[in-house]
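> Just the structure for this:
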Amino acid sequence: MNHEHYVLAAYLLTFAVIVTATLKVWLSGRRYRRQVEALAVARRLQPRGDR
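Got it, this is the predicted structure:
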């Protein structure tokens, strides 16, 4: 492998790491928003006297 191959491999590895990190953050944020939404619905459904 020459220098161009190493540079290309480094760029591809960097791209893969960035995409993986972005997907992990996006999925965890989505899961968090769903939990918060479910809690908000549960709180709305409670009668006023129970709070």
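> Poorly predicted segments of this protein, please.
49-51 (pLDDT under 70).
> what about the helices in it?
3-45 (DSSP state H).
> how close does R33 get to T20?
21 Å (Cβ to Cβ, to the nearest Å). (Glycine included, C-beta is placed from N, CA and C.)
> Next, count neighbours for E4.
A total of 8 residues lie near E4 under the criterion other Cβ atoms under 10 Å.
> Can you name the residues that contact it?
E4 sits next to no residue when contact means Cβ atoms under 8 Å, 6 or more residues apart in numbering.
> and stretch 30-45, how far from the chain's centre?
When C-alpha coordinates are averaged (Cα atoms, centre = their mean, to the nearest Å), stretch 30-45 and its chain have centres 17 Å apart.
> Please apply the same query to stretch 24-39.
Its chain's C-alpha centre and that of stretch 24-39 lie 8 Å apart, by Cα atoms, centre = their mean.
> Much appreciated, bye for now.
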